[in-house]
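# What follows is a protein structure lacking sequence information:
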C-alpha cells in the first residue's frame, strides 16, 4: 500500500509544471518582440511620412526635433530588457519547481504593465501636442 508523502515534504515540479513555465516564457518572448517591433515602427514612422510626402510631391512640415526616434529606441530597449528578465524568471521558476519551493513573483508583470502604460501616456501626450 502506497502512503502519501508527509505534509512537510516539498512537492517536486511535474513535467506539466515545467511545460507551463516554458509556455509562459514563450508568451513573454512574444511580448518582448511585439514591444521591440512597435519601437521599430515608431522610429521609422517619421521616415515614412517624409518619403510619402516626397512621393506625393507635397511639402509636409515635420517638427525640427521629433520624439519618434528616442521613443522608438526606448521601446526597443524595453523589449530587449523584458526578454532578459523573462529568461531570468524562467530559470528561477524552473529551479524552484525542481526544488519544490515555487513562489510566485509578479514583479516582471508590474514592470511590463507599468512601462507600457507610461509609454502609452507619453505617446498620447505627444499626439495631442502635434495635432
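Great, that's in hand. All of these numbers come straight from a predicted model, not from anything done at the bench. Numbers count the residues shown, from 1 in each chain.

# Can you give me the buried ones in the helix or strand bottoming out on mean pLDDT in the chain?
Sorting the helices and strands of the chain by mean pLDDT, DSSP states H and E puts helix 107-130 at the bottom, at a mean of 83. For helix 107-130, burial by neighbour count (16 or more other C-beta atoms under 10 Å) applies to 112, 115-116, 119, 123. Placement of C-beta: from N, CA and C, glycine included.

# sec struct for the residue positioned nearest the centre of the chain, please.
Residue closest to the average C-alpha location in the chain (C-alpha atoms, centre = their mean): residue 32, at 3.6 Å. With DSSP: H, G, I helix; E, B strand; the rest coil as the basis, residue 32 sits in helix.

# which residues touch it?
79-80, 82-83, 86 (C-beta atoms under 8 Å, 6 or more residues apart in numbering).

# which non-adjacent residue is nearest residue 35?
residue 79 (3.6 Å; C-beta to C-beta, 6 or more residues apart in numbering).

# That neighbour is in what secondary structure piece?
Here residue 79 sits within helix 68-99, counting by DSSP states H and E.
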